[in-house]
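Student: Sharing a sequence plus its predicted fold:
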2 protein chains.
Amino acid sequence: MNDLSPHRLLDEASAAEQLREAGIQPTRQRLRIAQVLLTGSQHLSADQVLEKVNRTGKPVSKATVYNTLGLFADKGLLREVIIDPSRVFYDTNSAPHHHVYNTATGELSDIALHRVLTEPLPELPAGTELESVDVVIRVRPLD
Amino acid sequence: MNDLSPHRLLDEASAAEQLREAGIQPTRQRLRIAQVLLTGSQHLSADQVLEKVNRTGKPVSKATVYNTLGLFADKGLLREVIIDPSRVFYDTNSAPHHHVYNTATGELSDIALHRVLTEPLPELPAGTELESVDVVIRVRPLD
DNA sequence: TTGGGTGCAAACTATTTGCATTCGA
DNA sequence: TCGAATGCAAATAGTTTGCACCCAA
């Protein structure tokens, strides 16, 4: 998770297209964030996104990063992963899958969905509909 | 989750016994917290625990509540449930089970484990051991 | 007596919000 | 032009910490 190494930036045209497809108006800052984020499979906290974006030389304010991540998540471009009590991760892997979280290092990784079966789902409480099923496997270094 | 109604308090002797069994020195404040908490199946945030304890007329400081909940969780008396980015819940149901979380109301409830199958577990990353498997089913009110 | 436990207040950190400014259609 | 987006700073909220005091063994 400390891998903030220079990921290839998504080209601006593709980023703009992805935003439009999601019904998001592509503004300058949103494009920068999309270019950094929507490339490959990543699990980043808001702070890490801010750091990566600012490292491109085109800084974006912290509030805008938070607002934009929230917006992207609402529109289905990202998935919020609530795993660590101290921060939210944003997962760019849009395929259904679950997570392995290393509680000692904070490293978060994906597990293909078919490796974990979760069915049948129990009846949901009356008057509610399913929003998501999240499976988190927490691991720690061997003693 | 707003049910802070007067749950029956666990008697002091049983509370003390449970603490000792868990290897926790039973002090006055820890006993009060245990009496409020270790009765029935509950899902409370630290703030809710504080409120319940203080309502008994024997107040305990906020710092002590946080410290004590952390200690109880370490010793296996409680389980931390990380489900809402803004606060940690403490679950007194010690049997293995999973959770249904209503994102609109913040209500958290249990699901018996056998209703959700999660196997086989994937191989864990090298050098790690399993800490927990958490399944959270998020629901929202029907549109 | 003496080290662990407690309480208070201050510190911290992730996140949100209000509002004036700027931007994009 | 005009409403939406942005940025900054201040506000918020949950949680942690430092340290002096207290208490159970």
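Tutor: Yep, it's here.

Student: Tell me which residues touch the nearest residue to residue A:87 once chain neighbours are set aside, please.
Tutor: Excluding its sequence neighbours, the residue lying closest to residue A:87 (C-beta to C-beta, 6 or more residues apart in numbering or on different chains) is residue A:45, at 4.6 Å. All C-beta atoms are positioned from the backbone trio N, CA, C, and that covers glycine. Residue A:45 makes contact with A:87-90 under the criterion C-beta atoms under 8 Å, 6 or more residues apart in numbering or on different chains.

Student: what bits of chain A have low per-residue confidence?
Tutor: For chain A, the stretches with pLDDT under 70 are A:1-7, A:113-122, A:143.

Student: near DNA strand C, which residues of it?
Tutor: For chain A, the contact set with DNA strand C under C-beta under 7 Å from any atom of the strand comprises A:25-28, A:45-47, A:62-63, A:66-67, A:70, A:86-88.

Student: Which strands and helices lie in contact with the longest helix along chain A?
Tutor: Secondary structure of chain A per DSSP state H: the longest helix is helix A:62-74. The helices and strands touching helix A:62-74, judged by 3 or more C-beta pairs under 8 Å, 6 or more residues apart in numbering or on different chains; DSSP states H and E, are helix A:28-37, helix A:46-55, strand A:87-91.

Student: try it again with 10 Å
Tutor: Applying 3 or more C-beta pairs under 10 Å, 6 or more residues apart in numbering or on different chains; DSSP states H and E, one finds that helix A:62-74 contacts helix A:12-21, helix A:28-37, helix A:46-55, strand A:79-84, strand A:87-91.

Student: Tell me which residues of the longest strand seen in chain A come out buried.
Tutor: Secondary structure of chain A read by DSSP state E shows that its longest strand is strand A:128-141. Residues of strand A:128-141 classed as buried by neighbour count (16 or more other C-beta atoms under 10 Å in any protein chain shown): A:128, A:133-140.

Student: cool, stretch A:16-29 as well?
Tutor: For stretch A:16-29, the neighbour count (16+ other C-beta under 10 Å) marks A:16, A:18-19, A:22, A:24, A:26, A:29 as buried.

Student: Can you sort out which of these also neighbour DNA strand D?
Tutor: Restricting the buried residues of stretch A:16-29 to contacts with DNA strand D (C-beta under 7 Å from any atom of the strand) yields residue A:29.

Student: tell me, how many neighbours does residue A:123 end up with?
Tutor: Neighbours of residue A:123 under the rule other C-beta atoms under 10 Å in any protein chain shown: 8.
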